[in-house]
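Q: just a sequence and a predicted model for now, questions to come.
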Amino acid sequence: MKDPSGETENKKELLVDLHDVWVAYDGKWVLKSVYLNCYAGEIFGIVGPNGGGKTTLLNVILGLVHPQKGAVQLFGTQPNKQSRLEVGYLPQISHADRSFPVTVLDVVLMGLYSRIGLFHRPDRNSKKIAMDLLSQINMADHAKRPFAVLSGGQQQRVNIARAMASKPKLLVLDEPSTGVDSVAQEDFYELLAKFRNEQGISVIMVSHDIGVITSHADRVACLNVQLHYHDEPDSCFSPAITREVFGEDLKVIVHDSKCATCYRSHQNHD
Amino acid sequence: MIQNVQPVIAVIKTMIDMFSLQFMQNAFLAGMMLSFVLAVVSFFVVLRRLSFIGVGVAHSAFGGVALGALLGISPTLTGIGFAVVVSNAIGYIGKEDHLSTDTAIGIFFPLAMALGVIFIGMSDQYNVDLFGYLFGNILAITRQDLIVIAVFGGLVLLSTMLFFKELLFVAYDREVALVSGMPVAFLDHFFLTILALSVVISMKIIGIILVSALLVIPGAAASQITRRYDSMIVFSILIALISTIGGLVISYYADLPSGAAIVTLASFIFFAAFAVGQIRR
């Protein structure tokens, strides 16, 4: 899934630029001196333990949290309501939301609400755009079904279709694998790669799951208050850095779809 | 044969008697208009999990009613003022940077009640039917009340229709709605305001203490029956209509406070809907 044009990255448009960003909550630093660049067409993965500042970092990029120190640029300006319209955002799955009485099509249409504007109802054209997106994720047959009855993996794909509905330049994903089984995870990341390859969209995703990030991102960084970079995902995680980020007890199993020592059936383990 | 028909005729005769009474006509009209308003508001109260705010705002209207009694002006107007201010204050203080919403409700709800008791203590007028305001009074609905309900109820329904898709999005996924450019803060205060208006226009017939039940039950019962929001609204309206009309009839025949009859009937409908939901699952 590597970016084939990785060498020419420095010529690409810079979408996100964080320069020496510091954020504190209640007098405690949750982000310290964070530098981050994300370019057009790049899948950028950030791993780190829970409470390491991952969601805060995404909120800084979106302009929902303002750093005490440092500069943030999203598409060349300070993040604001206008620039956020070009971001497709997927927060952590909340189980509370799953019984909400909407159909699959309703969920995707929500991604178009900002374009439809106040006081207007979704018209035929909006519904066509939403149905096209559902076709792209192989969910068109489910359009009229209640969202609540879908599996976790299907719900996550529909959520991505909603995020894609406004034709964003950048997808921001918070723990996209939560509640999704490993087979559906592979489908999900293939879908992300497809959107990147066909539409040139960029992705910034955070997760506590190292295996998922390393096998699906072009570039990986580790976050635990501070952000550490690793140019190549395969060579990621020097013992010193992983100790610093995750603590002493960490065991890293790098897993991808071609992993020779990993089985999907638990009987094959050991 | 004639003897068999007689009880039916007797029932029809008392029904005609009931509907020929001016106060019952007023009560039915008010009940039907309020059913639409409360059903639509309860749809969002249930989806946004704001039931406890409904309780807090309803009780805060008591302070306003008592103030109206003290000043000798319309308790409905002062009730609206009190409830709108308190509900928006709860929303403002309950934002994440301040305090939790239930803490804010826990402070404002008894404060408004306490102020109500102080205002009553200061007032030497005892001609305001406070028991009626607390539990609903079938006799209390005047032509003027019908106009108030029609105007403010119409305002609530119309504005909810205008912002419907935005309200739905915020209820479904607040964070994504915010990033997608929905006016989330405005919609929060807008909803708290229509919640307050709905409570105050309902208090004469359903009562301050009991109206919070109708801010929850129609939506909650409907959510047990269907998984689509459009049919959930339809069921919510039907349940509210059956509860208010049925409750008013029971109130008339059994000489019970109208609010108590309406809420008890609504609760039984909820239990039935809950059972249906459990069986279908």
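A: Nice, thanks for sending it over.
Q: can you map out the strands along the chain?
A: Assuming you mean chain A. For chain A, the strands defined by DSSP state E cover A:14-25, A:28-39, A:43-47, A:69-74, A:87-90, A:170-174, A:202-207, A:219-224, A:226-230.
Q: against which helices or strands is the third one packed?
A: Applying 3 or more Cβ pairs under 8 Å, 6 or more residues apart in numbering or on different chains; DSSP states H and E, one finds that strand A:43-47 makes contact with helix A:182-199, strand A:202-207, helix A:210-216, strand A:219-224. All C-beta atoms are positioned from the backbone trio N, CA, C, and that covers glycine.
Q: could the C-alpha coordinates of it be exported in PDB?
A: Provided in PDB are the C-alpha atoms of strand A:43-47 (Å, rounded to 0.1, in the frame of the first residue of the first chain):
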ATOM      1  CA  ILE A  43      -1.600   7.800   4.500                       C
ATOM      2  CA  PHE A  44      -0.100   8.900   7.800                       C
ATOM      3  CA  GLY A  45      -0.500   6.600  10.900                       C
ATOM      4  CA  ILE A  46       0.000   7.700  14.500                       C
ATOM      5  CA  VAL A  47       0.200   5.000  17.200                       C
END
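Q: what's the burial count for residue B:280?
A: Using other Cβ atoms under 10 Å in any protein chain shown, residue B:280 is surrounded by 8 other residues.
Q: please report how far it lies from chain A.
A: Separation of residue B:280 from chain A (Cβ to the nearest Cβ, to the nearest Å): 12 Å.
Q: give the contact list for that residue.
A: If a contact means Cβ atoms under 8 Å, 6 or more residues apart in numbering or on different chains, then residue B:280 has no contacts.
Q: and the pLDDT at it?
A: pLDDT, residue B:280: 83.
Q: next one: residue B:1
A: So residue B:1 comes in at 57 (pLDDT).
Q: turn the strands of chain A into CSV, including mean neighbour count and mean pLDDT.
A: CSV is the format used below for the strands of chain A (neighbours: other Cβ atoms under 10 Å in any protein chain shown; pLDDT from 0 to 100):
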stretch, mean neighbour count, mean pLDDT
strand A:14-25, 17, 94
strand A:28-39, 18, 92
strand A:43-47, 25, 92
strand A:69-74, 17, 95
strand A:87-90, 25, 92
strand A:170-174, 23, 94
strand A:202-207, 24, 93
strand A:219-224, 22, 88
strand A:226-230, 18, 81
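Q: wait, residue A:81 sits on residue B:179?
A: No - shown here, residue A:81 and residue B:179 do not form a contact pair, counting by Cβ atoms under 8 Å, at 9.4 Å.
Q: for the lowest-mean-pLDDT helix or strand in chain B, buried residues please.
A: Scoring the helices and strands of chain B by mean pLDDT, DSSP states H and E places helix B:2-20 at the bottom, with a mean of 82. Buried residues in helix B:2-20, counted by 16 or more other Cβ atoms under 10 Å in any protein chain shown: residue B:18.
Q: please name every helix or strand in contact with it.
A: helix B:22-48, helix B:229-254.
Q: export it as PDB, just CAs?
A: Backbone C-alpha positions of helix B:2-20 (Å, rounded to 0.1, in the frame of the first residue of the first chain) are rendered in PDB as follows:
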ATOM      1  CA  ILE B   2     -84.200  -2.100  23.000                       C
ATOM      2  CA  GLN B   3     -82.900  -2.900  26.400                       C
ATOM      3  CA  ASN B   4     -79.600  -4.100  24.900                       C
ATOM      4  CA  VAL B   5     -79.100  -0.900  23.000                       C
ATOM      5  CA  GLN B   6     -79.800   1.300  26.000                       C
ATOM      6  CA  PRO B   7     -76.300   1.200  27.600                       C
ATOM      7  CA  VAL B   8     -74.800   2.100  24.200                       C
ATOM      8  CA  ILE B   9     -77.100   5.000  23.900                       C
ATOM      9  CA  ALA B  10     -76.300   6.100  27.500                       C
ATOM     10  CA  VAL B  11     -72.500   6.100  26.600                       C
ATOM     11  CA  ILE B  12     -73.100   8.100  23.400                       C
ATOM     12  CA  LYS B  13     -75.300  10.500  25.300                       C
ATOM     13  CA  THR B  14     -72.600  11.200  27.900                       C
ATOM     14  CA  MET B  15     -70.100  11.500  25.100                       C
ATOM     15  CA  ILE B  16     -72.300  14.100  23.500                       C
ATOM     16  CA  ASP B  17     -72.700  15.800  26.900                       C
ATOM     17  CA  MET B  18     -68.900  15.800  27.300                       C
ATOM     18  CA  PHE B  19     -68.200  17.300  23.900                       C
ATOM     19  CA  SER B  20     -71.000  19.900  24.300                       C
END
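Q: that helix vs helix B:229-254, what angle?
A: 110 degrees (axes from the mean of the first three to the mean of the last three Cα atoms, to 10 degrees).
Q: quick check: angle from helix B:2-20 to helix B:22-48?
A: Using the same axes, to 10 degrees: helix B:2-20 against helix B:22-48 is 80 degrees.
Q: my guess is residue B:214 contacts residue B:206, does it?
A: Yes - assessed by Cβ under 8 Å, residue B:214 is found in contact with residue B:206 at 6.0 Å.
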